[in-house]
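Peer 1: Sequence first, then the predicted structure:
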Amino acid sequence: MGERGPLGCEFGVRAERRKRQGKILYLPGYEGIGRAKKPNWFGPYESEVWDAEAPKLEKTGRLNAIFEAGFIQICSLMAEHRRMNEQIEADGGEMITINGNMQVHPLVKSRNAHMRVLISYMKDYGMTPSSDRRVPRAAPVKKDPFWGKYK
């Protein structure tokens, strides 16, 4: 018996989950599924992030139509983080309460929470230095001579 109950079976479901922990689901064979498309509702900050990061991820095979929704979330979080930083800089990092006490700007807590979520998404796409080696890159697609004639 371990401290928290019986020891797990190394062939069980939990062992498999531990092996996969921190890795994105990479589906080989979906390289030809299609490119991710930038949404037309993107603002200037979201578009700036998409234009800077999407070509890099497409080149390494980490962004296609299947993984598009998660990358849209990354772009939105990065843009929101930037808007929060601008608001904090405009208002000043500290505020004076009614009692005359100094306190940190209320958006700082939200910005930090956004940053934690953003980093977790970025790890899934291999956009951080430590996760770049861990997240697999797509294998080069081999052209099938038979199907190449009919596309």
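Peer 2: That came through fine.
Peer 1: Could you use CA atoms for every contact and neighbour count after this?
Peer 2: Noted.
Peer 1: Okay, the spatially closest residue to Met102 that is not a sequence neighbour and Gln87: tell me how far apart.
Peer 2: Spatial nearest neighbour of Met102, chain neighbours left out: Ile96 (4.6 Å); criterion: C-alpha to C-alpha, 6 or more residues apart in numbering. Note on Ile96: its distance to Gln87, by C-alpha to C-alpha, to the nearest Å, is 16 Å.
Peer 1: Please say which of those two ends up with more neighbours.
Peer 2: Neighbours were tallied for Ile96 and for Gln87 using other C-alpha atoms under 10 Å; the higher tally belongs to Gln87 (14 against 11).
Peer 1: Mean confidence (pLDDT) on the helix or strand containing that one, please.
Peer 2: Remark: Gln87 resides in helix 68-91, with elements defined by DSSP states H and E. Along helix 68-91, the predicted confidence averages to a pLDDT of 91.
Peer 1: Tell me the buried residues in it?
Peer 2: Of the residues in helix 68-91, those scored as buried under the neighbour-count criterion (16 or more other C-alpha atoms under 10 Å) are 68, 71-72, 74-81, 84-85, 88.
Peer 1: thought Leu57 was touching Glu68?
Peer 2: No: in this structure, Leu57 sits apart from Glu68 without contact. The criterion is C-alpha atoms under 8 Å, and the distance is 10.8 Å.
Peer 1: if we can go back for a sec, among the buried residues of helix 68-91, which one lies nearest to Thr128?
Peer 2: Within the buried residues of helix 68-91, proximity to Thr128 (C-alpha to C-alpha) peaks at Ile74, which comes in at 12.6 Å.
Peer 1: which stretches of the protein form strands?
Peer 2: Taking DSSP state E, the strands of the chain run over residues 94-96, 102-104.
Peer 1: And the first one, what does it pack against?
Peer 2: Spelled out, it's strand 94-96. Packed against strand 94-96 by the contact rule (3 or more C-alpha pairs under 8 Å, 6 or more residues apart in numbering; DSSP states H and E) you find strand 102-104.
Peer 1: Who does the strand it packs on pair with, and is each partner parallel or antiparallel?
Peer 2: As defined by DSSP bridges, the strand partners of strand 102-104 come to strand 94-96 (antiparallel).
Peer 1: shouldn't Ala79 be in contact with Tyr45?
Peer 2: Yes: between Ala79 and Tyr45 there is a contact under C-alpha under 8 Å: 5.2 Å.
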